[in-house]
Every structure is written in C-alpha cells, then in structure tokens.
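**Student:** here is my input, please return the structure:
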Amino acid sequence: MESTAVTTESASSAHLIGKLTWWVWIFPAVMVAALIRHSLYWLDFSHVMAGALWTGTDIFMGFILGPILRHLAPDQRRAVISWLIPKTILYVPLLALTTGIAGWFLASWQHMLAPYSPYRPWVFLACSVIALLTIQGFGILLPNSIRAYGELQKSSPDMDKVFRLNRRNNRLAGFQGVLQVAIILVMAHLTVG
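**Tutor:** Residues are numbered from 1 along each chain as shown. The predicted structure follows:
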C-alpha cells in the first residue's frame, strides 16, 4: 500500500513538473547576468518585462479569468483550474521576485536610494507596495495554489475547497493587479521626474 502511495505521489510530481512554465527562468537568468556584468540595459529589460508579464497576469486572472470561471459548470472549472495552477505556480513567483530584485538594484545603481535623492520617497513607496505584494503572493497566493493542486490530485477531491481557494486567489490577483498599476504610476514618475 505504501509503495502505491509513493508511486502515485511521484507520478503526481512528474505530472506537475511537466506542466510548469519553465521558459520563465529566462527573466531571472537575464537579471543575474545583468547584475554580474553590471549592465543597466539588461537589468532594466528584465525588470520591465517581468513586471509587465506579472502585472498583466494578475489583471487577467482577477478581472477576466475570475469572472469567467464563476460562470462555468463545476466540471469545466475543474478542468481549467487543473491546467491553470501548474502553469502559474512557478511563473508568477519568478516574475514577482525578478521584478522586485531588479527594481531594487536599478534604484540603487541610479542613486535613487541616496539620502539626498528626490526620488528616494518614491522608491520607498514602491518598495512598500512590493513588500505587500510579496507577502500576499508568498504567504497567501502560492500556498493556496499548492493546497488546491494537492486537493485536485486526490482520488475524490473536495471541489468546493478547490473552487474556494481559486476564487480567493483570483480576487487577490485582481487586487494585486491594481497595486501593480499604482507602482507603474510611481515608475512613470521616476522615469519622467
């Protein structure tokens, strides 16, 4: 019996690994290379691209996909969620980390964190919002996704629990999208001055 459980668990892990969005590693890799080479251009590229994809994903999840899922039949919702969670479980956290870390280094390299910099309060405002997004992302969204995916792997999953976790994540993703638009407003101020 124990052998069957281990085999099922490893098959489930292999199934998850096969569904992950591996190409997203490009952005942290570009960021690390930019940090090593001290390339402002590539650091900015990784920050902007990861931030745009992260923000777009959150806005899509919260304001487009979430309402659509609410109108689907339970078996249709289950099918979508079963594919959605593995695609986002690596994608969103890597984009979030890349955006925040690259942004911090950009601000540092451009002396925006210096005590005399007029941009310093704006950078700290953006950092405060990033801190909130990170706490929500790694403290609520990611654990909910892992719990929902684990539930879906059971022979008789509690679909009400899965739908509840997914609904909570979609709403929070929408809230995160709004906060990210606020950060974009701050970034526009920092760019234009």
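**Student:** next, name the residue at the spatial heart of the chain.
**Tutor:** Centroid check for the chain by Cα atoms, centre = their mean gives residue 92 as the closest residue, at 2.4 Å.
**Student:** residue 57 is in contact with that one, correct?
**Tutor:** Yes: if you go by Cβ atoms under 8 Å, residue 92 and residue 57 touch, sitting 6.1 Å apart. (Each C-beta comes from the backbone N, C-alpha and C, glycine too.)
**Student:** number of nearby residues for residue 40?
**Tutor:** Using other Cβ atoms under 10 Å, residue 40 has 13 other residues around it.
**Student:** against residue 51, how distant is it?
**Tutor:** Residue 40 sits 16 Å away from residue 51, going by Cβ to Cβ, to the nearest Å.
**Student:** how about residue 36?
**Tutor:** In terms of Cβ to Cβ, residue 36 sits 21 Å off from residue 51.
**Student:** who's more crowded, the two?
**Tutor:** Using other Cβ under 10 Å as the criterion, residue 36 and residue 51 rank with residue 51 on top: 22 against 8.
**Student:** shaky segments in the chain?
**Tutor:** The chain contains residues with pLDDT under 70 at 1-17, 19.
**Student:** in it, which helix is the longest?
**Tutor:** helix 159-192 (DSSP state H).
**Student:** what segments of the chain are helices?
**Tutor:** 2-19, 26-37, 40-60, 66-70, 74-88, 91-109, 120-136, 142-152, 159-192.
**Student:** deepest in the core, which of those is it.
**Tutor:** Highest mean neighbour count among those (mean count of other Cβ atoms under 10 Å): helix 91-109, with a mean of 21.
**Student:** so what touches that helix?
**Tutor:** 20-21, 24-25, 27-28, 31, 34-35, 38, 40, 43-44, 46-47, 50-51, 53-54, 57-58, 113, 119, 123, 126-127, 130, 133-134, 137-138, 141-142 (Cβ atoms under 8 Å, 6 or more residues apart in numbering).
**Student:** kind regards, and thank you for your time.
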